[in-house]
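**Student:** model the following, please.
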Amino acid sequence: MGEKLTKLYRYAQIGRCVSSVTHDVNNYLGAIMAYAELVGMDPALGSESNRMLSEIIGAVRKSSTLINNLTDVSRRERADVRIVDPANLMDRVLDLRRYDLKVAHVAVACEYEPQLHNFTADLPKLQQAMMYIISNAVEALDNQKNRRFEASVRMEGAVVAFTFHDTAPVIPESERARIFEPYYTTKGTDHMGLGLTIARATAEEHDGELAYDPARGFVMRIPTTNRYAEMS
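**Tutor:** From the prediction side, this is the model:
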């Protein structure tokens with residue numbers, strides 16, 4: 001237990017560094033953007049040069065969005081309550097885990113119901129909770145031949161249901177009762193065993209729930225009217 005608490009403390013220290021680092025990175029990205037736009041004003045540039053500049057500017061914008069999303073997740077000192085677009089939330093979380101999914105050779109598919117309802121949430125907390133669930137899926141797919149992750153968002157009445165499904169074998173029934181327990185893990189000593197615990201606690205903070213369904217995977221349900229609605 002002492003070793004796990006030490007690791008948890010280290011993770012917390014890393015989180016405190018994120019804001020200062022991302023501030024500096026955004027400054028560098030701003031300089032790249034400014035110079036690229038200045039070069040783009042040169043009327044002597046050919047079509048191929050303009051195309052490459054457009055690629056640079058597009059990459060800088062994507063990088064800035066990713067950095068800002070990461071900053072949101074690390075900002076845990078106080079509630080950051082916002083009106084949330086469910087599809088946009090899932091997209092942002094997948095962007096933050098895009099590299100891990102790519103390196104693990106996991107194919108990703110998304111399905112969003114057309115008529116989704118916005119809701120109020122502590123955005124950084126909810127993003128981090130969803131990232132834990134996706135990380136759990138990536139780890140579960142290790143050593144699997146068919147590596148596919150499917151995310152979906154749909155309405156269940158006045159509740160937004162986020163579904164995270166992967167092609168790993170279903171969790172054995174004997175383990176399902178413990179998967180949300182603190183420090184419970186089947187992945188060895190390198191894992192804290194806290195990700196799903198925190199994810200479920202976060203769902204409950206939003207008057208929702210996180211459950212495991214063998215057929216659908218992990219399903220997080222968040223009511224559109226929850227305790228954070230009064231704070232927005």
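**Student:** from here on, just use CA atoms for contacts and neighbour counts.
**Tutor:** Fine.
**Student:** which helix or strand contains residue 95?
**Tutor:** Using DSSP states H and E, residue 95 maps to helix 86-96.
**Student:** as CSV, could you dump the C-alpha coordinates of the helix or strand following that helix?
**Tutor:** Toward the C-terminus, helix 86-96 is succeeded by helix 98-103 as the next helix or strand (DSSP H and E). Once non-C-alpha atoms are left out, helix 98-103 reads as follows in CSV (Å, rounded to 0.1, in the frame of the first residue of the first chain):
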residue,chain,number,x,y,z
ARG,A,98,-5.4,9.2,-29.8
TYR,A,99,-1.6,8.5,-29.5
ASP,A,100,-2.0,5.6,-27.1
LEU,A,101,-4.7,4.0,-29.3
LYS,A,102,-2.5,4.4,-32.4
VAL,A,103,0.6,3.0,-30.8
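**Student:** dump the residue contacts of residue 167.
**Tutor:** 141, 146, 147, 148, 149 (Cα atoms under 8 Å, 6 or more residues apart in numbering).
**Student:** just give me the neighbour total for the spatially closest residue to the fourth one that is not a sequence neighbour.
**Tutor:** Looking back up the chat, that one is residue 148. In space, and not counting its chain neighbours, residue 148 is closest to residue 107: 4.6 Å by Cα to Cα, 6 or more residues apart in numbering. When neighbours are defined as other Cα atoms under 10 Å, residue 107 has 13 of them.
**Student:** please apply the same query to residue 207.
**Tutor:** Neighbours around residue 207, by other Cα under 10 Å: 16.
**Student:** give me the most central residue, this structure.
**Tutor:** residue 93 (2.7 Å; Cα atoms, centre = their mean).
**Student:** report the contact partners of that one.
**Tutor:** 127, 128, 130, 131.
**Student:** where does the record place the domain boundaries for this structure?
**Tutor:** Per the record, the chain has its domains at 2-74, 81-231, by automatic domain parsing.
**Student:** mean pLDDT added to these, as TSV?
**Tutor:** Output for the domains of the chain, formatted as TSV (pLDDT from 0 to 100):
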stretch	mean pLDDT
domain 2-74	69
domain 81-231	89
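**Student:** looking at these, which is buried most?
**Tutor:** domain 81-231 (a mean of 17; mean count of other Cα atoms under 10 Å).
**Student:** quick one, helices of the chain?
**Tutor:** Ranges of helices within the chain are 2-40, 47-74, 86-96, 98-103, 123-140, 173-176, 195-205, based on DSSP state H.
**Student:** next, residue 215: phi, psi?
**Tutor:** When read as degrees, to the nearest 10, the backbone of residue 215 gives phi -90, psi -30.
**Student:** measure it to residue 169 for me?
**Tutor:** According to Cα to Cα, to the nearest Å, residue 215 stands 11 Å off from residue 169.
**Student:** residue 203 too?
**Tutor:** Applying Cα to Cα, the value for residue 203 to residue 169 is 25 Å.
**Student:** pretty sure residue 207 is touching residue 220, no?
**Tutor:** No - when contacts are counted by Cα atoms under 8 Å, residue 207 is not listed as touching residue 220 (11.0 Å).
**Student:** report how far apart the opening and closing residues of stretch 157-176 are.
**Tutor:** Note: stretch 157-176 ends 27 Å apart using Cα to Cα.
**Student:** so residue 85 is in contact with residue 123, correct?
**Tutor:** No - applying Cα under 8 Å, one finds residue 85 not in contact with residue 123, separated by 10.4 Å.
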